[in-house]
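>>> need a 3D model of the sequence below.
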Amino acid sequence: MDSYSTSLDLVHFIGKLGDLKDEHYHNTLTLSAIIELLIDKGLISRQELEHKAAELDGLMTGSPYPMA
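Take a look at the predicted model:
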């Protein structure tokens, strides 16, 4: 019975992983569409977007834990 439970858990896990992959794709597609619309309408430039992305990336590369 334990091997059945483990196998079924693995199937559920793989299914959830597939669902997350689909959700990630749709979120990325939506975000890309919004960015393109903002650029097309002249509300932001690609350079501004790249600068802000680099700025935020710089904030994320540091350790979230204080160094003692």
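>>> could you use CA atoms for every contact and neighbour count after this?
OK.
>>> and the helix or strand residue 5 falls within, what's buried?
Taking DSSP states H and E as the definition, one finds residue 5 inside helix 2-40. Residues of helix 2-40 classed as buried: residue 35 (neighbour count, 16 or more other C-alpha atoms under 10 Å).
>>> which stretches of this structure have low pLDDT?
Counting by pLDDT under 70, the low-confidence segments of the chain come to 1-4, 62-68.
>>> 90 instead?
Low-confidence segments of the chain (pLDDT under 90): 1-11, 18, 56-68.
>>> could you state which residue of it sits nearest its centroid?
For the chain, the residue sitting closest to the mean C-alpha position, by C-alpha atoms, centre = their mean, is residue 24 at 6.2 Å.
>>> quick one: that one from residue 58, how far?
With distances taken as C-alpha to C-alpha, to the nearest Å, residue 24 is found 23 Å from residue 58.
>>> and what of residue 23?
According to C-alpha to C-alpha, residue 23 stands 26 Å off from residue 58.
>>> do residue 31 as well
Residue 31 sits at a distance of 21 Å from residue 58 (criterion: C-alpha to C-alpha).
>>> go on, residue 30?
Summarising the geometry, the distance separating residue 30 from residue 58, computed by C-alpha to C-alpha, is 24 Å.
>>> and for residue 25?
25 Å.
>>> all set, thanks.
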